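J.: Fold the stuff below for me.
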Amino acid sequence: MELHDFKGLDFSEVYDSAFTVEKEEDQKRNYQAVLDFIERNKGIEVSYDEARFLMEQGKAVASGKWRMQLDEIAELWIADLTPTLVYDWGQPNFLAIFSTPSFLNTINKDNRQTIEYMI
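T.: All right, here's what the predicted structure looks like:
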């Protein structure tokens, strides 16, 4: 370890014996409650093109449990709200330019494809 200047081991939890079925059910209920809250309190709905414009202006856009935004060098980041109520951010390896990604599709009552955004 000293030869390669390793600092030590980094252990990751792979199983939590204290995470019972009851705790899992509570987590699911809390997650659904947050998703319901997001749906009830969503911002205005905009088209995908409008959402892209908002992101170019430094805004984040959202659709349900999903979030998208550009970083300081204009690279796209997408987040998924996890059951632990933490956003899991990552960069897509591929994103079709000619169609809206399926996880962002929201069809409103006028049959118009929209995306919600938050400021």
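J.: any idea of the pLDDT on residue 11?
T.: Model confidence at residue 11, expressed as pLDDT, equals 74.
J.: Just confirm it is within a strand.
T.: No. The assignment for residue 11, made by DSSP: H, G, I helix; E, B strand; the rest coil, is coil rather than a strand.
J.: What mean pLDDT does the top helix by length along the chain get?
T.: Across the chain, the longest stretch assigned as helix under DSSP state H is helix 21-40. Averaged across helix 21-40, the pLDDT comes to 94.
J.: export that helix as CSV, just CAs?
T.: In CSV, the C-alpha atoms belonging to helix 21-40 read as follows (Å, rounded to 0.1, in the frame of the first residue of the first chain):
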residue,chain,number,x,y,z
VAL,A,21,-39.7,-4.9,5.2
GLU,A,22,-41.5,-2.3,7.3
LYS,A,23,-38.8,0.3,6.6
GLU,A,24,-38.9,-0.6,2.9
GLU,A,25,-42.7,0.0,2.9
ASP,A,26,-42.2,3.3,4.7
GLN,A,27,-39.6,4.3,2.2
LYS,A,28,-42.0,3.4,-0.7
ARG,A,29,-44.9,5.4,0.9
ASN,A,30,-42.6,8.4,1.5
TYR,A,31,-41.3,8.3,-2.1
GLN,A,32,-44.8,8.1,-3.5
ALA,A,33,-45.9,11.0,-1.3
VAL,A,34,-43.0,13.1,-2.6
LEU,A,35,-43.9,12.2,-6.2
ASP,A,36,-47.6,13.2,-5.5
PHE,A,37,-46.4,16.5,-4.0
ILE,A,38,-44.2,17.2,-7.1
GLU,A,39,-47.2,16.5,-9.4
ARG,A,40,-49.6,18.7,-7.3
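J.: Alright, calling it a day.
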